[in-house]
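Engineer: Predicted model, plus sequence, below.
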Amino acid sequence: MNPQIAQLYRISQQPNRLILGLMSGTSLDGLDLALCRFSGFGLNTQVELIKHQTIPYPEDFKQSIREVFAKEQIYFPSLSTLNAQIGRLHAQYILDSLQSWGIAPNEVDAIASHGQTVMHRPIRSGNLPNSTLQIGDGDHIAHLTGIITLSDFRQKHIAGGGEGAPLAVYGDYFLFSKKGEHRILLNIGGIGNFTYLSASQDPKDILVTDTGPGNTLLDAYVRQHFPGFNYDKDARLAKQGILHLPLLDSMLNLPFFHEAFPKSTGPEYFNLELLNQVIQENAYSLTPVDTLRTLTELTAQSISQAMQSYIPAIRTTDCQLIVSGGGSKNPLLMERLAKINPNMQLMESDRLGIASDAKEAVLFALLANETLMDDQVARDRQLGDSPWLSLGKISLPN
């Protein structure tokens, strides 16, 4: 037997596993790393977040990703090079982080790498298959670090009939569901998405969907109109603006918001070209800070409307709304969510024991743990409307 295959088997027999989760979102802030110790799997999962940090990307590296990100036409050699380059950069960040934490690579059982999304393309007409593309090849990470690597998690979800997003449902259900409490786990990254967890803990009651733009329009608009800024820190710019109701109404009338749940989306749809088209078609005139105030309201309203439309009304009363992601640090957005949803108990995910900044990386580490440990996997299992499968491709170090 290949000794690395034997190592996989040994890992699956251990009482606990040390897994390093990696997440790089559409905001391109950098790489989130979360070193986690797992025992059990499924609803019996126990996780200890040992170390976590975010390593910012160099500006020139971010620009090289933007040149291929969500573009209809690209220079294909750049995409090919980036696939290797991202994997190699992530491997270096892993080795640097482990060294700073005083942990040897051979102490880590596995790496769970999300990769960098460059295209997300759900096709709801049914004429073509859904597709998504994350680059940052797992083989480079495995070979350079010497650690078994699981990556490319979204492909199996699509193969099983899903859209490849959102995938937070697995970790949300296994780690954060609680008998007797209705909970909504809301993540506001580039795109907003939530997992509704019923007080029954019945997987059939789970609801999961993207809601529309989270920070993607806000961040892109800030970069374009406020040189030197990458995002609206503490909503200082948006707070100076006045809400433009006609623009808000026009954005909320876009086709995505009228499509059936569950659904997914990305910056391929919600981008500045779409925003400028809406503004120009309606001859709206507003200042940059007014636009930011309106885009912040768009995020709050689209999230709230999705929750109110998709979740049975009786279950949103006294429901806990637990927020993670960059949007949880936006005081204006959090204020508006609380105002629009007065019957919900709004809190950050830190209250559940996992730092908001680390949550997504932890959830991908959990997906790797499930792939290594789940002995009940079956083709027809579902978590609500989401296929419940073993996700991720396995890369061996040698």
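Structural biologist: It's in.

Engineer: which residues touch residue 21?
Structural biologist: 32-36, 111-112, 361-366, 368 (CB atoms under 8 Å, 6 or more residues apart in numbering). Bear in mind the C-beta positions are built from the backbone N, C-alpha and C, glycine included.

Engineer: Now render these as CSV, adding distance to residue 240 and neighbour count.
Structural biologist: Output for the contacts of residue 21, formatted as CSV (distance: CB to CB, whole Å; neighbours: other CB atoms under 10 Å):
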residue, distance to residue 240, neighbour count
32, 30, 22
33, 35, 25
34, 35, 29
35, 40, 25
36, 40, 26
111, 43, 27
112, 41, 30
361, 34, 29
362, 35, 26
363, 35, 30
364, 37, 31
365, 40, 32
366, 40, 25
368, 44, 28
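
Engineer: what ranges do the strands span in the stretch 101-250 of the chain?
Structural biologist: 110-121, 131-135, 149-151, 183-188, 191-197, 207-213 (DSSP state E, counting those that start in this stretch).

Engineer: closest to residue 251 out of those?
Structural biologist: With CB to CB as the measure, strand 207-213 is the member of the strands of the stretch 101-250 of the chain nearest residue 251 (8.7 Å).

Engineer: Now tell me what touches that closest one from outside.
Structural biologist: Applying CB under 8 Å, 6+ apart, the contact partners of strand 207-213 are 165-166, 168-169, 172, 190-196, 256-257, 261-265, 270, 295, 298-299, 302-303, 306-307, 310-311, 383-386.

Engineer: tilt between that strand and strand 191-197?
Structural biologist: Strand 207-213 and strand 191-197 meet at an angle of 160 degrees, taking axes from the mean of the first three to the mean of the last three CA atoms, to 10 degrees as the criterion.

Engineer: now the longest helix seen in the chain and strand 110-121, what's the angle there?
Structural biologist: As assigned by DSSP state H, the longest helix anywhere in the chain is helix 76-101. Here helix 76-101 points in a direction 150 degrees away from that of strand 110-121 (the same axes, to 10 degrees).

Engineer: same for helix 76-101, what does it pack against?
Structural biologist: Here helix 76-101 touches strand 17-24, strand 30-39, strand 46-56, helix 59-66, strand 110-121, strand 131-135, helix 138-145, going by 3 or more CB pairs under 8 Å, 6 or more residues apart in numbering; DSSP states H and E.

Engineer: Averaging pLDDT over each of the ones you listed, report the lowest-scoring one.
Structural biologist: Lowest mean pLDDT within the helices and strands packed on helix 76-101: helix 59-66, a mean of 93.

Engineer: Enumerate the positions of that helix that are buried.
Structural biologist: By neighbour count on 16 or more other CB atoms under 10 Å, the buried set for helix 59-66 is 61-62, 64-65.

Engineer: could the strands of the stretch 101-250 of the chain go into CSV alongside distance to residue 334?
Structural biologist: Converted to CSV, the strands of the stretch 101-250 of the chain look like this (distance: least, CB to CB, whole Å):
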stretch, distance to residue 334
strand 110-121, 25
strand 131-135, 29
strand 149-151, 33
strand 183-188, 9
strand 191-197, 13
strand 207-213, 15
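
Engineer: and of these, who's closest to residue 224?
Structural biologist: strand 207-213 (15.1 Å).

Engineer: What are the buried residues along that closest one?
Structural biologist: Going by neighbour count (16+ other CB under 10 Å), the buried part of strand 207-213 is 207-213.

Engineer: can you check stretch 384-396 too?
Structural biologist: Result for stretch 384-396 [16+ other CB under 10 Å]: buried residues 384, 386-389, 391-392, 394-396.

Engineer: and which of the residues you listed is nearest to residue 4?
Structural biologist: Of all the buried residues of stretch 384-396, residue 4 sits closest to residue 396, with 4.3 Å by CB to CB.

Engineer: Let me know whether that closest one touches residue 3 as I believe.
Structural biologist: No. Residue 396 lies out of contact with residue 3 (CB atoms under 8 Å); the separation is 9.6 Å.

Engineer: For residue 91, find the nearest of the helices and strands packed on helix 76-101.
Structural biologist: With CB to CB as the criterion, residue 91 lies closest to helix 138-145 of those, at 3.8 Å.

Engineer: tell me which residues of that closest one are tucked away?
Structural biologist: Residues of helix 138-145 classed as buried by neighbour count (16+ other CB under 10 Å): 138, 140-145.

Engineer: helices and strands around it, which ones?
Structural biologist: Going by 3+ CB pairs under 8 Å, 6+ apart, helix 138-145 lies up against helix 76-101, strand 110-121, strand 149-151, strand 393-395.

Engineer: Report all helices and strands that the second one contacts.
Structural biologist: Contacting strand 110-121 under the criterion 3+ CB pairs under 8 Å, 6+ apart are the following elements: strand 17-24, helix 76-101, strand 131-135, helix 138-145, strand 149-151, helix 359-373.

Engineer: residues near the closest residue in space to residue 250 that isn't next to it in sequence, how many?
Structural biologist: Leaving aside its sequence neighbours, residue 250 sits nearest to residue 278 (CB to CB, 6 or more residues apart in numbering; 5.1 Å). Per other CB atoms under 10 Å, the neighbour tally for residue 278 reads 16.

Engineer: same thing with the one 10 residues further on?
Structural biologist: For residue 288, the number of neighbouring residues by other CB under 10 Å comes to 15.

Engineer: Can you give me the pLDDT of the residue lying closest to it once chain neighbours are set aside?
Structural biologist: Leaving aside its chain neighbours, residue 288 sits nearest to residue 225 (4.5 Å; criterion: CB to CB, 6+ apart). Residue 225 carries a pLDDT value of 97.

Engineer: now residue 225: how far from residue 276?
Structural biologist: Distance, residue 225 to residue 276, using CB to CB, to the nearest Å: 12 Å.

Engineer: Those two - which one has more neighbours?
Structural biologist: Using other CB under 10 Å as the criterion, residue 225 and residue 276 rank with residue 225 on top: 15 against 12.

Engineer: The more buried one and residue 190, how far apart?
Structural biologist: Distance, residue 225 to residue 190, using CB to CB: 18 Å.
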